[in-house]
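Undergrad: I'll drop the sequence and a predicted model, then ask my questions.
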Amino acid sequence: MKKSAFVTGSTGFLGLNLIDQLLKCGWKVYALHRSTSDLTYLNRKDVIGVIGDVTDFDSLEAGVPEDIDIVFHAAANTDYWKRKNNIQTKVNVNGTKNIVDIVLKKGISRLVYTSSITAYGEHRSVIDEETPSNALESVANYFVTKKQSEDIVQEAIDKFDLDAVILCPSHILGPYDFRNWVKIIHLVNENKLPGIPSGKGPFSHVSEVAQAHIIAADKAPKGSRYVLGGRYHSFLEVINSIQEKLKRNKSKAATLQWILHLGVHLHGFLGLMNRSKEPELTREKLMLVSSDFQVDDSKAQQELGFRHIPIDEILDDCISWLKSEGMISPVDSLDDIQSKTIG
């Protein structure tokens, strides 16, 4: 019998990839989206759209069918700007509480919750499933709210016997990325990259993360959690690979930290003059891109078949998708641009 899934965050990066994988596996998919969402990509898929919002319990009560097998809660606000903290808390924390409550109320058999490696906070040691979290101490509200959201799910597991599984991805790349690493790709392509942060971490292909969610839905024991890492790289290595693929001159070193801190203050000053526009660099963003996340995801590899895809292959898929959608066009190499400018 065909399984049915209710997916939140259906118009987002992970949500769209998750839906693709579910449809390939023959699932019937209900896709939650707001009335104001851009449905360009969702409309291309054989799904049943449900208008609603994770922050609006009544819309969930009306929109979530009674016969759903699994709820995949992938919706999240990923901003790194303190002026958006209130809405981020509403979406991430209140929204997760609403999803947990609707799953319990409607007797849905399982919830698969997409958390984040940031829910563990910052650590100098390797992070695995047993690592204690210090995320509530973070300056980044995203770290704080992902930990708070996890706690809501865990409390429901402990107190109400909720059948839930928690997955914590790290840096994800791939098709349907509209606002994360795609920004770096565009900046590199246009030769406008202002600097390279010193951060390091594991990078994964979004399709592997999506598949891990589906296998977790089918096979993971109730109450289990998994960290999803990937191959470990510095941001410099990843950006150098992007530069090579786009025929750009390679950067030789990461930008000095004090220069990036100066950029935070400059963007903060400019932000005072335009309070509605998010600065390109914030204190919270700098903290994230300067962090060193080391992850042991051997549990996910063994139990979910999670694979580490080479970064060159991941980036090829990113760039190919951007080109196929007309979001990035092939351009001359930097040397050619310079020679034409001089000429």
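TA: Nice, thanks for sending it over.
Undergrad: what pLDDT does residue 317 get?
TA: Looking at residue 317, its pLDDT reads 96.
Undergrad: just to be sure, it is in a helix?
TA: Yes - Residue 317: assigned to a helix according to DSSP: H, G, I helix; E, B strand; the rest coil.
Undergrad: what does the closest residue to it other than its chain neighbours show for phi and psi?
TA: For residue 317, ignoring the flanking residues on the chain, the nearest one in space by C-beta to C-beta, 6 or more residues apart in numbering is residue 174 at 5.8 Å. C-beta: built from backbone N, CA, C; applies to glycine. Backbone torsions for residue 174, taken as degrees, to the nearest 10, come to phi 150, psi -170.
Undergrad: what does the one 3 residues further on give?
TA: Backbone torsions of residue 177, given as degrees, to the nearest 10, read phi -80, psi 110.
Undergrad: hang on, it packs against residue 184?
TA: No - look at residue 177 against residue 184 with C-beta atoms under 8 Å: they stay out of range, at 10.1 Å.
Undergrad: these two: which has the busier surroundings?
TA: Higher neighbour count among residue 177 and residue 184: residue 177, with 22 against 18, using other C-beta atoms under 10 Å.
Undergrad: any stretches of the protein with poor pLDDT?
TA: Applying pLDDT under 70 to the chain flags the ranges 1, 254-281, 283, 286-288, 330-343.
Undergrad: quick one, strands of it?
TA: Applying DSSP state E to the chain gives strands spanning 4-8, 28-33, 48-51, 70-73, 110-114, 164-169, 171-173, 200-205, 225-228, 231-234.
Undergrad: tabulate those strands (CSV), appending mean neighbour count and distance to residue 213.
TA: Putting those into CSV (neighbours: other C-beta atoms under 10 Å; distance: least, C-beta to C-beta, whole Å) gives the following:
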stretch, mean neighbour count, distance to residue 213
strand 4-8, 26, 10
strand 28-33, 22, 13
strand 48-51, 15, 19
strand 70-73, 28, 6
strand 110-114, 24, 6
strand 164-169, 24, 6
strand 171-173, 23, 12
strand 200-205, 24, 12
strand 225-228, 26, 9
strand 231-234, 16, 20
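Undergrad: before we move on, back to that, neighbours around the residue nearest to residue 317, how many?
TA: Using other C-beta under 10 Å, residue 174 is surrounded by 25 other residues.
Undergrad: tell me if I'm right that residue 180 and residue 13 touch.
TA: Yes - contact criterion C-beta under 8 Å: residue 180 and residue 13 qualify, at 6.6 Å.
Undergrad: quickly list what's touching both of these two.
TA: Common neighbours of residue 180 and residue 13 (criterion: C-beta atoms under 8 Å, 6 or more residues apart in numbering): residue 172.
Undergrad: and those two? Which one has more around it.
TA: Neighbours were counted for residue 180 and for residue 13 using other C-beta under 10 Å; residue 13 has more, 23 against 14.
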